[in-house]
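Chemist: Attaching a predicted model along with its sequence, questions to come.
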Amino acid sequence: MPEGHTIHALADRLVRAFGERPVEVTSPQGRFAADAALLDGRVLEGALADGKHLFVDIDDRILHVHLGLIGTFPVIPFERRPPEPVGAVRLRLVGEGHYADLRGPMVCALIDEQARESVRSALGPDPLDPKADPQLALARLRRTGRGIGALLMDQAVVAGV
């Protein structure tokens, strides 16, 4: 399973490859086709990782991705045009010189700001977020008799480990 640092790096790669420019959005597999059509041609304004959750802001829309156990979302450069999708590609982003194919995610959904805040509020502090409050995690760690390994894997205690 991709951990939090992997999702933070993915958010950075998405912004570097596609940020502040319109993106072509498709769903070669077809399972995300209606929502992909709503995103197609819009500007990718930013991407944010919160623990293992990725939120991609495309104009006024929010794409929520959680890779789960088997998901991948590599950002790949190309010279003339991207290759044809291979396998079950849920979502494809294409921009100037890069494409990204999302495969096997646990979550791939368009959500609103209220849903994003609902996901974020259920998470513990993300250790890679400089604005996160570590005292919240410490308070949650102290309130339980569970082992430290189990607590570190609990996303409500610490997000992204």
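Modeler: Yes, it's here.

Chemist: Just give me the longest helix of this structure.
Modeler: When the chain is parsed with DSSP state H, its longest helix is helix 4-18.

Chemist: Sheet partners, orientation included, of the helix or strand immediately after it in the chain?
Modeler: Sequence-wise, the next helix or strand beyond helix 4-18 is strand 24-26, with elements assigned using DSSP states H and E. Counting by DSSP bridges, the strands paired with strand 24-26 are strand 91-94 (antiparallel).

Chemist: Which residues does the partner strand contact?
Modeler: Contacting residues not belonging to strand 91-94 are listed as 14, 18, 23-28, 32, 36, 44, 63, 82, 85, 99-102, 108 [C-beta atoms under 8 Å, 6 or more residues apart in numbering]. From N, CA and C alone the C-beta is placed, and that goes for glycine too.

Chemist: per-residue confidence averaged over stretch 80-92?
Modeler: Throughout stretch 80-92, pLDDT has a mean value of 95.

Chemist: In that stretch, which residues are buried?
Modeler: For stretch 80-92, the neighbour count (16 or more other C-beta atoms under 10 Å) marks 82, 89, 90, 91, 92 as buried.

Chemist: ok, the spatially most central residue of the chain - contacts?
Modeler: The centroid of the chain falls nearest to residue 54 when counting by C-alpha atoms, centre = their mean (2.0 Å). Residues in contact with residue 54 (C-beta under 8 Å, 6+ apart) are 7, 10, 11, 47, 48, 64, 65, 66, 67, 73.
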